[in-house]
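**Student:** next comes the sequence, and after it the predicted model I'd like to discuss.
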Amino acid sequence: MRLLDFRSDTVTVPSPEMRAAMAAAEVADDVLERDPTMDRLERRVAELLGKEAALWAPTGCMANGIAMMLHLSRGDRFLAPVAAHVLGSELGTAAWLAGGMPEALPWEGGPGKPTPIQVSRSAGNPGPYYALRTTLLCLENTHNFAGGTCTSATEHRALVETAQAKQLKVHLDGARVWHAAAATGASLADLAWGADTVSVCLSKGLGAPMGSLLCGTRAAIEEARRIRKMLGGGVRQGGVVAAAGLVALDYLPRIPEDHAKAARLAVGLRDMGLNVAEPETNILLVPVLNIPLALSLTEGVGVRVLPVGSALRFITHRDLKADDIDEALVRMQPLVAQLLTTWEGDRPMV
Ligand SMILES: Cc1ncc(COP(=O)(O)O)c(C=O)c1O
């Protein structure tokens, strides 16, 4: 039975066109000088995000970690929405490498989203020398563990303005900001507006085998380049992977196809009687009563997913065709009675 892999939009494999571009890439030593293909990718992504400069990193975790090291001093507190990737999924990098102390902001603005009032309240006011300092707000758009939820350009601007009024720096984890732009109709630059740094991923939904970019001011990115080298992330002929990234960007106009696949999956599962919220992007959370049982049942019919809290997480992507969604629904139909949940509410909390 052919496996239908919904675990993540990172499971895609490079297309033949991408592999050809990698083989043909013009390269040079990116540590000693600039690799021309890497330079092209960094300029292109900076322009897309409306920032002065960008720095490639192999992973989203490294790009976020560099941002944390850039913005935080040891002992500083930083704010991030509950279940943000930087809080729970990066092995404590923010604390270990950047010395930051996290404060998780509950989702009072909707799934995955804090409100400006929360930011203002948690940022506090400058105190005496012995007071804890809060210096950074981290946002995540789309919010992965909330179910790929979008922060609109208006909501983003209000959060950033509040942070700025409180003298906080802002880092946006925009691993899937492409998806937020496609879903909301806002430009990438509007969704990155005012953020001191933004990380974006080419390996999530766009099909590249690796690669994230940290975008910001020229000065911030120069410093970020030093930090990347400290972390052992200075690559030599990086153009080979940058070429894959340039091809990956061609997929941006097709992201709505992946959103449509998630919407189709939601309709099908709802028709079967499952309690499924409308997906905003390519991530669908399906609450189930018994996670280990649900995982073994779906695996048994060749539908592979990951658990998020009390839900199964389905992520649609370019390597799953529209027909695969119908096939997954057919395979899951007989399991419904065992998957059925008594869970009530809009979305599962993670
Ligand atoms: C929102 C978000 N940020 C950052 C990352 C980290 O990316 P990477 O796996 O490339 O380190 C992920 C990975 O899934 C993510 O979903």
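**Tutor:** On my side now, so go ahead.

**Student:** okay, CA-based contacts and neighbour counts for the rest of this
**Tutor:** Fine.

**Student:** how about the helices in the stretch 201-350 of the chain?
**Tutor:** Taking DSSP state H, counting those that start in this stretch, the helices of the stretch 201-350 of the chain run over residues 218-230, 239-249, 255-271, 291-300, 322-332, 336-339.

**Student:** how about the stretch 1-150 of the chain?
**Tutor:** Using DSSP H, counting those that start in this stretch, helices in the stretch 1-150 of the chain cover 16-24, 36-49, 60-71, 85-88, 93-96, 116-123.

**Student:** deepest-packed of these, please.
**Tutor:** Here the criterion is mean neighbour count by mean count of other CA atoms under 10 Å, and of those the winner is helix 60-71, at a mean of 24.

**Student:** so where's the stretch 1-150 of the chain shaky on pLDDT?
**Tutor:** Across the stretch 1-150 of the chain, nothing is flagged by pLDDT under 70.

**Student:** ok, residue 186 - contacts?
**Tutor:** 152, 153, 180 (CA atoms under 8 Å, 6 or more residues apart in numbering).

**Student:** what is the nearest of these to residue 191?
**Tutor:** Set against residue 191, the nearest of these by CA to CA is residue 153 (5.1 Å).

**Student:** what about the closest one, how many neighbours?
**Tutor:** Number of residues near residue 153 (other CA atoms under 10 Å) recorded here: 21.

**Student:** how near is it to residue 318?
**Tutor:** Taking CA to CA, to the nearest Å as the measure, residue 153 falls 26 Å from residue 318.

**Student:** smallest gap between the stretch 151-300 of the chain and the ligand, at which residue?
**Tutor:** The stretch 151-300 of the chain approaches the ligand most closely through residue 175 (4.9 Å), counting by CA to the nearest ligand atom.

**Student:** which residues touch that residue?
**Tutor:** Contact analysis of residue 175 by CA under 8 Å, 6+ apart lists 60, 140, 141, 142, 199, 200, 201, 202, 204, 212.

**Student:** any idea of the pLDDT on residue 350?
**Tutor:** Residue 350 carries a pLDDT value of 51.

**Student:** does residue 214 really touch residue 55, like I thought?
**Tutor:** Yes - using CA atoms under 8 Å, residue 214 is in contact with residue 55, at 5.2 Å.

**Student:** ok, residue 91 - how many residues close by?
**Tutor:** For residue 91, the count of nearby residues is 12 (other CA under 10 Å).

**Student:** kindly apply the preceding question to residue 231 instead.
**Tutor:** Neighbourhood size, residue 231 [other CA under 10 Å]: 13.

**Student:** need the helices of the stretch 201-350 of the chain in JSON lines (columns: distance to the ligand and mean neighbour count).
**Tutor:** Converted to JSON lines, the helices of the stretch 201-350 of the chain look like this (distance: least, CA to the nearest ligand atom, whole Å; neighbours: other CA atoms under 10 Å):
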{"stretch": "helix 218-230", "distance to the ligand": "14", "mean neighbour count": "17"}
{"stretch": "helix 239-249", "distance to the ligand": "13", "mean neighbour count": "25"}
{"stretch": "helix 255-271", "distance to the ligand": "16", "mean neighbour count": "20"}
{"stretch": "helix 291-300", "distance to the ligand": "20", "mean neighbour count": "16"}
{"stretch": "helix 322-332", "distance to the ligand": "22", "mean neighbour count": "17"}
{"stretch": "helix 336-339", "distance to the ligand": "26", "mean neighbour count": "16"}
